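> Build the 3D model from these lines:
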Amino acid sequence: MTHARPGTGLFHADRPAIMKGKVQPQIRSESKGPQESLNPAFNFDVQVVTPKGMLSNAYDCHGASLGIAASSCLFNSVRKMSHDPPGDPPMSHSPRRLRRLYEPLSLLQTLGNVRGWRIRAPDIPQDNSGFNAIKSHRSFVDALAYACAYKKEPAYVTAVALEKRPEEIVVWLAANKNVEEAVVSFAQDVLRIVQWLASNPSAQLGTKDGQQALNLLTSRVLRFNAPKIYAYYEQVVRAAPRVIAKLSNGQHEGMSGLWCISSIRHLQRDGVQLQEVDMANLAVISHNSRETFEVLRNLAMESHDPHTFERLFKLLGKLGKHVIMSKRIVEGAIFLRSDFARGMRLERVPASRERPLPFSSRKYNIDGISNRMFSSNSAEKQRFLARLRTIWDTNEWDKNLAKEHLAGKSIVHAELLILDHFEKTGGDFLDNSDKYIGCSKPACYLCYHYICNHPGRYIRPSSHQKLYMRWRLPDISVTESNAATRFTDQEQILNNLINLVRRELRNDIETGVGKMKECPDSTAGGTSTMFELETGLEADMGSLSFQELRHQIDPDFQYVVIPDPVSSSSSASSIHSRSSADTAVSEGDEVEYDSDGGVVV
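Down below sits the predicted model:
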């Protein structure tokens with residue numbers, strides 16, 4: 001059962017229609033039977049019957065027809081207020097129910113938006129017979145997602161999953177905002193190289209064919225990601241002077257000279273700051289110098305100011321991370337070639353529309369939130385209010401909450417767009433025992449718990465545990481065949497999230513937990529609901545020579561010139577002489593890369 005809400009055109013499965021003497025309107029589906037609902041936003045008595053999901057006639061609360069003219073006027077008003085295509089209304093949880101999550105969530109964020117230590121994705125059991133295939137699968141989709149997120153902005157956070165069909169592998173892309181055509185073109189080139197590798201058994205990392213493909217892919221990835229690398233470079237430029245000053249004061253003799261020379265060589269050209277066009281070469285130099293950067297980690301342990309050294313160490317690692325990701329894509333293509341050689345196609349899941357957060361301006365205040373969380377005048381409620389007042393007085397709380405959240409808009413995050421797509425279509429993952437969704441960053445607090453609570457048994461992702469208010473559950477349309485099942489699943493997940501947030505808020509209040517230190521978020525459509533891309537990958541890629549492959553991607557394409565690595569006793573060899581297992585920083589620090597997350601739109 002669903003009903004309409006003025007101002008949004010959304011349809012809500014809700015609560016009883018009569019409350020405090022007011023009768024609220026309903027939109028009732030004859031196919032599913034009537035269900036009552038409440039929406040205080042209405043102040044007139046109207047009931048709308050929707051046979052087969054379409055509006056047809058309107059009735060008052062006594063069952064009398066309002067007539068064709070009045071019905072038409074009402075329906076047109078609802079359509080105009082809706083942001084959704086006519087005839088495709090979304091199912092939605094009632095604003096009142098959603099406020100049970102978002103109200104305590106806003107207080108929890110104020111107390112500390114980092115909700116715990118970072119969480120790593122679960123390890124793959126070493127005795128698993130498919131260990132290498134699972135590892136290659138996860139590494140491939142994570143690396144591809146990272147390479148597609150070419151700007152260091154929340155809108156570009158990207159998720160990737162592989163669907164296995166009898167005739168081919170479908171690569172699904174989603175982003176917090178719609179996947180751009182530039183990303184589509186880039187991903188298309190990457191998949192051409194991947195399928196060429198998969199179709200040529202002689203192409204291995206140790207062969208000429210494999211090395212040429214790796215060079216081509218790395219060059220394409222680095223040039224495409226120049227904006228993101230440049231954003232990290234600017235952070236390095238700001239962070240480096242403090243470190244160089246500390247190393248130049250004589251406290252670290254024997255290492256300071258090497259470090260200062262290395263820093264100058266990397267960060268400037270003839271004393272002038274580098275530009276975005278220089279980022280591809282800088283990325284390779286930084287990658288080749290990564291063992292030299294380990295000096296900073298050692299100094300962090302010795303220094304009275306370890307954060308200064310550790311921060312620069314991690315930022316420098318980000319400069320070269322795209323080289324690592326390129327190699328992981330190639331390794332995945334080689335290991336999974338039996339699947340990829342059958343054919344590949346690129347498709348994207350459209351982004352969600354922005355929707356207002358469900359707060360009520362009249363009720364969104366500390367007293368209202370506490371009344372809805374606790375029984376009247378309970379001791380727990382009084383402790384709760386007293387603790388909040390040690391931070392701000394009630395008026396300040398109310399003012400800050402209204403300022404921060406009342407006008408906020410929510411979106412569905414990229415990884416949940418893909419998860420819900422698979423739920424909607426019933427598609428098979430590359431391995432249904434390993435339903436893994438790759439992402440350019442670890443999951444936020446809410447995405448992590450949504451995935452963990454989902455009955456579909458998706459692989460638990462890594463998480464940076466940051467809480468973002470402008471998040472929402474995936475949208476479900478009433479016209480979708482399995483809408484009722486997915487909506488029921490969401491209701492249970494929503495219940496679990498409400499209980500989790502309230503429990504954590506109570507715990508923070510009782511224990512007086514302070515804010516945790518913030519850290520970087522992520523690791524060192526068309527008119528239809530799906531958009532299919534004609535990638536040209538259905539051709540026999542294995543029949544192409546490498547020169548033909550290169551010409552197909554870009555006949556004028558130039559390789560990134562790979563300079564000699566910085567010389568030191570511990571410097572790295574060229575990027576082609578080591579496996580990607582060795583090129584990353586240590587396992588515990590891998591998640592420190594990048595800062596894409598947080599949906600502030």
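> For the one helix or strand R100 maps to, the averaged confidence score.
Using DSSP states H and E, R100 falls within helix 95-111. Helix 95-111 carries an average pLDDT of 93.
> Which SSE is immediately downstream of it?
With DSSP H and E, the next secondary element past helix 95-111 is helix 131-148.
> Identify each buried residue in that following helix, please.
Under the neighbour-count criterion of 16 or more other CB atoms under 10 Å, helix 131-148 has 133-148 buried. Yep, even glycine has a C-beta here, placed from its N, CA and C like the rest.
> With respect to S376, which of these is nearest?
Using CB to CB, A145 is the member of the buried residues of helix 131-148 that sits closest to S376, with 48.7 Å.
> contacting residues around M325?
By CB atoms under 8 Å, 6 or more residues apart in numbering, M325 lies in contact with 143, 146-147, 221.
> follow-up on the earlier one: extract the CA atoms of the helix holding R100 and return them as CSV.
The C-alpha coordinates for helix 95-111 follow below in CSV (Å, rounded to 0.1, in the frame of the first residue of the first chain):
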residue,chain,number,x,y,z
PRO,A,95,9.5,10.4,6.9
ARG,A,96,8.5,9.7,10.5
ARG,A,97,10.2,6.3,10.4
LEU,A,98,13.3,7.6,8.6
ARG,A,99,13.6,10.4,11.2
ARG,A,100,14.0,7.6,13.8
LEU,A,101,17.4,7.0,12.1
TYR,A,102,18.4,10.4,10.9
GLU,A,103,17.7,12.4,14.1
PRO,A,104,20.0,10.4,16.5
LEU,A,105,22.4,10.0,13.6
SER,A,106,22.8,13.8,13.4
LEU,A,107,23.7,13.9,17.1
LEU,A,108,26.1,11.0,16.8
GLN,A,109,27.9,12.8,13.9
THR,A,110,28.2,15.9,16.1
LEU,A,111,29.8,13.9,18.9
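> Return the list of helices and strands in contact with it.
helix 366-373, helix 394-405, helix 483-511 (3 or more CB pairs under 8 Å, 6 or more residues apart in numbering; DSSP states H and E).
> if you set the cut-off to 6 Å instead, what comes out?
helix 483-511 (3 or more CB pairs under 6 Å, 6 or more residues apart in numbering; DSSP states H and E).
> Report the mean per-residue pLDDT for the helix it packs on.
On average, helix 483-511 scores 93.
> got the angle for that helix vs helix 366-373?
Between helix 483-511 and helix 366-373, the angle formed by their directions is 120 degrees, by axes from the mean of the first three to the mean of the last three CA atoms, to 10 degrees.
> by contact count, what packs against helix 483-511?
Counting by 3+ CB pairs under 6 Å, 6+ apart, helix 483-511 packs on helix 95-111, helix 445-453, strand 476-477.
> Now mean neighbour count and distance to R387 too, for these, in TSV please.
Compiled in TSV, these are given as follows (neighbours: other CB atoms under 10 Å; distance: least, CB to CB, whole Å):
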stretch	mean neighbour count	distance to R387
helix 95-111	21	9
helix 445-453	21	21
strand 476-477	20	37
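> Show me the one of the ones you listed that comes nearest E423.
Per CB to CB, nearest to E423 of the helices and strands packed on helix 483-511: strand 476-477, 9.3 Å.
> Remind me what the closest one packs against, helices and strands.
helix 483-511.
> can you state the direction angle for the helix it packs on and helix 95-111?
40 degrees.
> circling back: ok, so of the buried residues of helix 131-148, who is nearest H304?
Using CB to CB, the buried residues of helix 131-148 come closest to H304 at Y146, 34.7 Å.
> What residues does the closest one make contact with?
Taking CB atoms under 6 Å, 6 or more residues apart in numbering, we find Y146 in contact with 325, 440.
> where does A161 fall, helix, sheet strand or coil?
strand (DSSP: H, G, I helix; E, B strand; the rest coil).
> who touches it in this structure?
A161 touches 172, 418, 437, counting by CB under 6 Å, 6+ apart.
> if I read this right, the last one contacts E415, doesn't it?
Right, I437. Yes: I437 lies in contact with E415 (CB atoms under 6 Å); the separation is 5.0 Å.
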